[in-house]
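A.B. asks: task: produce atomic coordinates for the following.
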Amino acid sequence: AIGAVLVHQVRLTYKAGELERVFVGLALVGVSVAGVSLAISARYHLQFRAYALCTTLIPLVAHDRHISSVLQGILIGLAMEDIGRNGPRSLWSYSPSVHY
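C.D. replies: Coordinates of the predicted model:
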């Protein structure tokens, strides 16, 4: 059921002519995060954060439909829960190098 809703949202984004723009934006965000992670990999490591994933998926469900509003609420709720449980931590956490 969730897969069908996601396919429907992608189809709506395509019909609105926004699919290319959304995917280019998501690709730019992904490349930026990968670039920063590579640049600071000596001291920091990337942590998967649910709020980052949820906020990047919001443009896919940005339509004036009832199901889109429900999905936006779910995504924002998941992001708020992650921030509530873990605090507003960065995507990168410090990992000092170990010297024996």
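
A.B. asks: residue contacts, the closest residue in space to Gln72 that isn't next to it in sequence?
C.D. replies: Among residues not flanking Gln72 along the chain, Val61 sits closest, at 5.3 Å (CB to CB, 6 or more residues apart in numbering). In short, each C-beta sits where N, CA and C put it, glycine included. Val61 makes contact with 9, 68, 71-72, 75, according to CB atoms under 8 Å, 6 or more residues apart in numbering.

A.B. asks: can you confirm Ser93 is in a strand?
C.D. replies: Yes. With DSSP: H, G, I helix; E, B strand; the rest coil as the criterion, Ser93 is assigned to a strand.

A.B. asks: if I look at Ser93, how far off is Ala4?
C.D. replies: 36 Å (CB to CB, to the nearest Å).

A.B. asks: point out where this structure drops to low pLDDT.
C.D. replies: Filtered on pLDDT under 70, the chain yields the residue ranges 98-100.

A.B. asks: try it again with 50
C.D. replies: Nowhere does the chain drop to pLDDT under 50.

A.B. asks: all strands of the chain, in order?
C.D. replies: 44-46, 92-94 (DSSP state E).

A.B. asks: make TSV out of these and add mean neighbour count and distance to Thr13.
C.D. replies: Below are the strands of the chain laid out as TSV (neighbours: other CB atoms under 10 Å; distance: least, CB to CB, whole Å):
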stretch	mean neighbour count	distance to Thr13
strand 44-46	16	27
strand 92-94	12	30
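
A.B. asks: I'd like those as CSV, with distance to Asp82 appended.
C.D. replies: Output for the strands of the chain, formatted as CSV (distance: least, CB to CB, whole Å):
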stretch, distance to Asp82
strand 44-46, 15
strand 92-94, 15
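
A.B. asks: right, and those strands - which one's nearest Arg21?
C.D. replies: Each of the strands of the chain has some distance to Arg21 by CB to CB; the shortest is strand 44-46, at 25.7 Å.

A.B. asks: Leu91 touches Leu46, doesn't it?
C.D. replies: Yes. Between Leu91 and Leu46 a contact is recorded at 6.2 Å, counting by CB atoms under 8 Å.
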